[in-house]
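K.L.:
What follows is a protein structure lacking sequence information:
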């Protein structure tokens, strides 16, 4: 090696080659250490779109590729179990709403994970409202009209799609059935995308899901939202009343969206990821996109998301218990 460095020209060549090798190694390292952002629902649904909007900008802020990984099935249960088994180094994250984190552990005897002991909140970024929408072929323009048609034209029975079994949307269907004394049958799907496909194909007359799931089809006139959760109307659909306005109480507390990591992920890593998400939410184009989808953008630190999750879970534990439902 010493003889190679005797000539100045040879030394320059050697140094250039060494630098190139180091750069190649660094690039390969960065690519092999991309962040996997898991989503528990199929591509095309509201949660998937949100993950891709945030993932693209997180890649820029973190300087690391963020790849959306759809682990659809069982209302996010498959993705949650995968997160539990993932390395606690910040390379695998889970973007989820309330159903997987708060509701599944309440309605499933053995979900295969415990949020409090298996996950650590990274940060929250929004709240949203669930609501009921009618398929485009249904002529009714309000929930009351639809219920009247169910009684008079459908022999008091109708199928209502929900994105997952034993979910907030399914419990909402049960409440509506009891409130109006009609036979509303929940039809569970593996996410909102296949449910919406059946709604657009007029296979089912109505569905319950989040405003982000429905909003683009609502704007296109392909579905019609007739009631939403929350204590006030949603800005993106100001003409749609809340359930409370229709006399259906108990659905004022809004669900949340957040990002979670495996338990044991270093606090410094959680802080770095949370700060990156905060920067992304400050970008006007991101906020505008999320708001247009029907989200209320609200950054929540790891601690704030943990508190939000705990309060929401306790509230729904009371609702589920009062319904008489038993974990399955």
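P.N.:
Cool, the structure landed. From a predicted model like this one, the values you see are computed outputs, not experimental measurements.
K.L.:
And the strands in the stretch 151-300 of the chain?
P.N.:
Counting by DSSP state E, counting those that start in this stretch, one finds strands in the stretch 151-300 of the chain at the ranges 157-162, 183-188, 206-210, 223-228, 256-262, 296-300.
K.L.:
Which of those strands has the highest mean neighbour count?
P.N.:
The highest average neighbour count among these, using mean count of other CB atoms under 10 Å, belongs to strand 206-210 at a mean of 28. Glycine gets a C-beta too; all of them are placed from N, C-alpha and C.
K.L.:
That one vs strand 256-262, what angle?
P.N.:
Counting by axes from the mean of the first three to the mean of the last three CA atoms, to 10 degrees, strand 206-210 lies at 60 degrees to strand 256-262.
K.L.:
Just the angle for strand 206-210 relative to strand 183-188, thanks.
P.N.:
Between the axes of strand 206-210 and strand 183-188, defined by the same axes, to 10 degrees, the angle is 50 degrees.
K.L.:
So for strand 206-210, mean pLDDT?
P.N.:
In this model, strand 206-210 carries a mean pLDDT of 96.
K.L.:
now for it, which elements pack on it?
P.N.:
Packing partners of strand 206-210 (3 or more CB pairs under 8 Å, 6 or more residues apart in numbering; DSSP states H and E): strand 130-135, strand 157-162, helix 168-180, helix 192-200.
K.L.:
closest to residue 319 out of these?
P.N.:
helix 168-180 (6.7 Å; CB to CB).
K.L.:
Helices along the stretch 1-150 of the chain, start to end?
P.N.:
Counting by DSSP state H, counting those that start in this stretch, the stretch 1-150 of the chain has helices at residues 8-32, 46-62, 77-85, 98, 104-107, 115-118, 143-153.
K.L.:
buried residues in the second one?
P.N.:
So that's helix 46-62. The neighbour-count check on helix 46-62 (16 or more other CB atoms under 10 Å) flags 46-51, 53-55, 57-59, 61-62 as buried.
K.L.:
and it, what does it pack onto?
P.N.:
Judged by 3+ CB pairs under 8 Å, 6+ apart, helix 46-62 is in contact with strand 35-39, strand 66-70, strand 92-97, helix 192-200, helix 211-219, helix 267-281, helix 284-292.
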